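# A predicted structure for the sequence below; I have some questions about it.
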Amino acid sequence: MRRFVKALTSAALGATVAFAACEPKAEAQEIQLTGPLAGAKAVRKLRLYREGRFEIAPTVSFSLLDEYRRTIIGGARLQYNFTDWLAVGVWGGYGFGFSTDLTDQIDTVAQRNARTAINVNHTATGTAPFGDQVGRISWVAFPQVQFIPFRGKLALFQALFVDADAYVFLGGGAAGLQERPDCGAAGQTSCSNPSSFTLGSRVAPAFTGGIGLNFWLADLVSLGIEYRAMPFSWNRGGFDSRGGPPSGNFPDNKVDSSDQTFKFNQMLSISVGVMLGDRKTSP
Amino acid sequence: MNFRIEPAGSAGRIERKPDEARNKPVEKMSKCFALAAAATLLLAPVNAFAQKGPTKADAPGAGQTQELDLDQPADAKPAGQEGTANPAAPAGGICEIDPSACPKGQDLGEAAKRKVKADIYAVEQIYALRYHRFELQPYWNFTLNDQFVSHPGPGLAMNYYLTNVLAVGLNGNFYSGLNVDSDFNFQNRRATRVAVPLNEYSWSGALDFTYVPVYGKFAGFSNFIFSYDIFVQGGVGAISTRPIPVIDPDNRKFDFAPKVAFNVGIGLRVFLTRWLAANIMIADYIFPEKLESLSIAPGPVGQPNNPTSPSNSATWLQDGASVTNNVQAQIGISVFLPFSFNYRLPK
């Protein structure tokens, strides 16, 4: 042990003396590699799944946090990928759906009388389905720009390896709505009239944006999952809930644009992308 | 595959372009290192070496460069010395363990002629190992499926990784005072004259198991690389909830009560460093919920012991329980302890 301590002390002393005698001057140096890796790129033969290819991606989208009606949009995303990180295209589809439990409960429980005549669907002699008056999304069409900043791969159960990329998208377009039409104003149908509950059509302009993950199952096929938001205001319940005095937050016996409330409409989408054209490979 | 190296007599000096005068200070520092090493060796006692020093036969002439052919066995001699080489001699490693598996010059020559797949799947060391590390995971949660009452709040998960992909841990959420009764409830009640029973949460806690089936890495903007993994989680615990009195708020007042809750979830974790990660998780807490009764007892008010009185708490809840899903997004960070770790095998 003493010999080891002595050796260690001697080594430290010698190193200190030697370093003290030299002028310390640090400077970075580029290591000059020789051999086949000299000057090589960090990534060679990168599979360029997107660059110069047209994509057709059938999608199914499911709405989140619905109040009266769940919407499922079947459609497609069509886009051209200028590079591996930039694409321009359009997402569109047709919407269908079904009632939430709340809608069914209201339909069953809500009384049809003078106090609810303006807000709950009814006939001249009795009840009518409440689900028929709630707003719904009929179609969507959103041109969008897609950025793909992240490209990589993943290992599933340490056995299956899949190339993947992550993207964000932004766009603007319109959603076609079926919504309770305006009523109650001068020259319009009274809102207590059963015919006022028949849905009308309206186009709501909106922005859209979201994020997504794409898994490349093959050179031609990918599987994607994305989150999308498309906020806009609409009257989802078909109620007269706003527009009255003193602050506009009370009913005014009219259904109009003041009864449309803002909603951050959110959807989850699953897509299967089919790429047209040959896949390229980076040098 | 050929790598060109300098002869042993040049002390392993990296080949340098002759016109690069900026490398001179480094050469000076190299001399300093050499001086320090020499001083150290002079002052220190001489120890035994476990390996023979280079022989004259191994050292090429000064000023020459040597072509090292990595396609040849480790014990092969440079060109011109083939006659002295013994291809059958053990080369250590696999050759000592299983001589039949020892690579031979002929085999490697044949292997070199094979066509190779140009696309390279490089599986390097996992960026951040989880094995035998603690994970502290503070997060904030957002309700995803309750349009009536949202239950945001802070949470904390603590996991210990038994293996690199399996962990056991605890998690807890704090909701008390942070529940938000949506304006939508009021609008709906006023319009339809239908009240929806509402509930709020106080806290939850669970024992969880986490499994990491997916990991990978992304290149960002072709400029930097980050690693990520996808994990699934399941567990059992308790959640404390109570109804918000909506149907008869004048007579009803509920206390929080815990219920057994199961949870499942899936999350994405992006490693910022080897001990710090950002994560997002979707978790579903499933439990039997007690809802406020939609009917009001017809008896006289103010008689708690009267079974027909609205003041009797036994009349306040619906019969049975309703299976409730509290789906929430959890956004937070992961801190792995200890901060550093050692790989079992070299890179």
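Looks like it came in fine.
# CA atoms for contacts and neighbours, from now on please.
Will do.
# Now do the strands in the chain.
No chain specified, so I'll use chain A. Secondary structure of chain A by DSSP state E: the strands cover A:47-48, A:53-64, A:69-81, A:86-99, A:136-156, A:160-179, A:200-216, A:221-229, A:232-234, A:261-263, A:266-276, A:280-281.
# Not quite, go with chain B.
B:2-5, B:66-69, B:134-143, B:149-150, B:153-161, B:166-174, B:180-181, B:198-220, B:224-244, B:257-271, B:276-289, B:322-337.
# Between strand B:224-244 and the longest one, find me the angle.
Meaning strand B:198-220. For the pair strand B:198-220 and strand B:224-244, the angle between their directions (axes from the mean of the first three to the mean of the last three CA atoms, to 10 degrees) equals 180 degrees.
# Mind giving me the packing neighbours of strand B:198-220?
In this structure, strand B:198-220 packs against strand A:136-156, strand B:149-150, strand B:166-174, strand B:224-244, with contacts taken as 3 or more CA pairs under 8 Å, 6 or more residues apart in numbering or on different chains; DSSP states H and E.
# strands paired with that strand, and their directions?
Based on DSSP bridges, the strands next to strand B:198-220 in the sheet, each with its direction, are strand A:136-156 (antiparallel), strand B:166-174 (antiparallel), strand B:224-244 (antiparallel).
# on that earlier part again, got the helices and strands packed on strand B:198-220 as a markdown table, with mean neighbour count and distance to A:Phe96 columns?
As requested, those are arranged in a markdown table below (neighbours: other CA atoms under 10 Å in any protein chain shown; distance: least, CA to CA, whole Å):
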| stretch | mean neighbour count | distance to A:Phe96 |
| --- | --- | --- |
| strand A:136-156 | 21 | 7 |
| strand B:149-150 | 21 | 26 |
| strand B:166-174 | 20 | 36 |
| strand B:224-244 | 20 | 32 |
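# need the contact list for the residue positioned nearest the centre of chain A.
Geometric centre of chain A, nearest residue: A:Arg228, 1.4 Å, by CA atoms, centre = their mean. Contacts were defined as CA atoms under 8 Å, 6 or more residues apart in numbering or on different chains; by that measure A:Arg228 touches A:Thr208, A:Gly209, A:Gly210, A:Ile211, A:Gln266, A:Met267, A:Leu268, A:Ser269.
# Quickly list the domain ranges of chain B.
B:65-114, B:134-337 (automatic domain parsing).
# mean confidence for the last one?
Just to be clear, that refers to domain B:134-337. Over the span of domain B:134-337, the pLDDT mean works out to 92.
# From chain A, how far out is the nearest residue to B:Gly302 once chain neighbours are set aside?
Closest residue in space to B:Gly302, ignoring its immediate chain neighbours: B:Ser311 at 5.5 Å, by CA to CA, 6 or more residues apart in numbering or on different chains. Remark: distance between B:Ser311 and chain A (CA to the nearest CA, to the nearest Å) = 25 Å.
# Give me the distance between B:Ser311 and B:Asp319.
With distances defined as CA to CA, to the nearest Å, the gap from B:Ser311 to B:Asp319 amounts to 17 Å.
# How about A:Tyr227?
Relative to B:Asp319, A:Tyr227 is positioned 39 Å away (CA to CA).
# more crowded one of those two?
Between A:Tyr227 and B:Asp319, counted using other CA atoms under 10 Å in any protein chain shown, A:Tyr227 has the larger neighbour count: 18 against 11.
# Low-confidence ranges, chain A, go.
Low-confidence regions of chain A, defined here as pLDDT under 70, cover residues A:1-44.
# How many residues are close by the residue lying closest to A:Ser63 once chain neighbours are set aside?
With CA to CA, 6+ apart as the measure, A:Met267 is the residue that lies nearest to A:Ser63, at 4.3 Å, once sequence neighbours are left out. One way to gauge burial is a neighbour count; for A:Met267, by other CA under 10 Å, it gives 20.
# rewinding a little: I'd like the strands paired with strand B:198-220 as TSV, with distance to B:Val214 appended.
What follows is these, written out as TSV (distance: least, CA to CA, whole Å):
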stretch	distance to B:Val214
strand A:136-156	4
strand B:166-174	12
strand B:224-244	5
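# what's the closest of those strands to B:Val264?
Taking CA to CA, strand B:224-244 is the member of these nearest to B:Val264, at 4.3 Å.
# ok now do A:Phe239, which residues does it touch?
With CA under 8 Å, 6+ apart as the criterion, the residues that contact A:Phe239 are A:Ile118, A:Asn119, A:Val120, A:Val255, A:Asp259, B:Ala191.
# Pick out the most distant pair among those residues.
Every pair in these was compared (CA to CA); the two farthest apart turn out to be A:Val120 and A:Asp259, at 14.8 Å.
# Show me which of the two is the more surrounded one.
Here A:Val120 and A:Asp259 are compared on neighbour count by other CA under 10 Å; more neighbours surround A:Val120, at 31 against 25.
# And the contacts of A:Phe239, which is closest to A:Ala204?
The shortest separation between A:Ala204 and any of those is 14.4 Å, and it belongs to A:Asp259 (by CA to CA).
# Name the nearest residue to the closest one, sequence neighbours excluded.
A:Arg242 (5.2 Å).
# residue contacts, the one you found?
A:Gly248, A:Asn249, A:Phe250, A:Pro251, A:Asp252, A:Ser258, A:Asp259.
# Next: B:Ser240.
B:Tyr201, B:Ser202, B:Trp203, B:Ser204, B:Phe256, B:Ala257, B:Pro258, B:Lys259.
# Same list (those) but as TSV, adding neighbour count and distance to A:Ser233.
Output for those, formatted as TSV (neighbours: other CA atoms under 10 Å in any protein chain shown; distance: CA to CA, whole Å):
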residue	neighbour count	distance to A:Ser233
B:Tyr201	25	30
B:Ser202	20	33
B:Trp203	19	34
B:Ser204	21	35
B:Phe256	15	36
B:Ala257	14	38
B:Pro258	17	39
B:Lys259	17	38
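# Adding distance to B:Asn325, write those residues out as a markdown table.
Shown next, in a markdown table, are these (distance: CA to CA, whole Å):
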| residue | distance to B:Asn325 |
| --- | --- |
| B:Tyr201 | 13 |
| B:Ser202 | 16 |
| B:Trp203 | 15 |
| B:Ser204 | 13 |
| B:Phe256 | 18 |
| B:Ala257 | 17 |
| B:Pro258 | 15 |
| B:Lys259 | 13 |
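# sorry, back to before: if you rank the contacts of A:Arg242 by neighbours, which is first?
A:Asp259 (25 neighbours).
# That one and chain B: what is the separation?
Applying CA to the nearest CA to A:Asp259 and chain B gives a distance of 11 Å.
# that older thread, kindly tell me how buried the closest residue to the residue nearest to the centre of chain A other than its chain neighbours is, as a neighbour count.
Residue nearest to A:Arg228 in three dimensions, not counting chain neighbours: A:Gly210, with 4.4 Å by CA to CA, 6+ apart. For A:Gly210, the count of nearby residues is 18 (other CA under 10 Å).
# hey, what's A:Gly210 bridged with?
A:Gly210 forms beta bridges with A:Phe169, A:Arg228, as assigned by DSSP bridges.
# what does the one 4 residues further on give?
For A:Asn214, the beta-bridge partners under DSSP bridges are A:Asp165, A:Gly224.
# Give me every residue in the stretch 151-283 of chain A that's in contact range of chain B.
Selection of the stretch 151-283 of chain A residues close to chain B by CA under 8 Å from any CA of the partner chain yields A:Arg151, A:Gly152, A:Lys153, A:Leu154, A:Ala155, A:Leu156, A:Phe157, A:Gln158, A:Asp165, A:Phe239, A:Asp240, A:Ser241.
# The last one reaches B:Thr192, doesn't it?
No. Using CA atoms under 8 Å, A:Ser241 is not in contact with B:Thr192; the gap is 10.6 Å.
# quick one: which of these two has more around it?
The residue with more neighbours, out of A:Ser241 and B:Thr192, is A:Ser241; 27 against 24, by other CA under 10 Å.
# For residue 264, which residues are in contact?
All of this is about chain A. Counting by CA under 8 Å, 6+ apart, A:Phe264 makes contact with A:Ala229, A:Met230, A:Pro231, A:Phe232.
# The chain in question should be chain B.
Residues B:Val232, B:Gln233, B:Gly234, B:Gly235, B:Ala283, B:Asp284, B:Tyr285 are the ones in contact with B:Val264 under the rule CA under 8 Å, 6+ apart.
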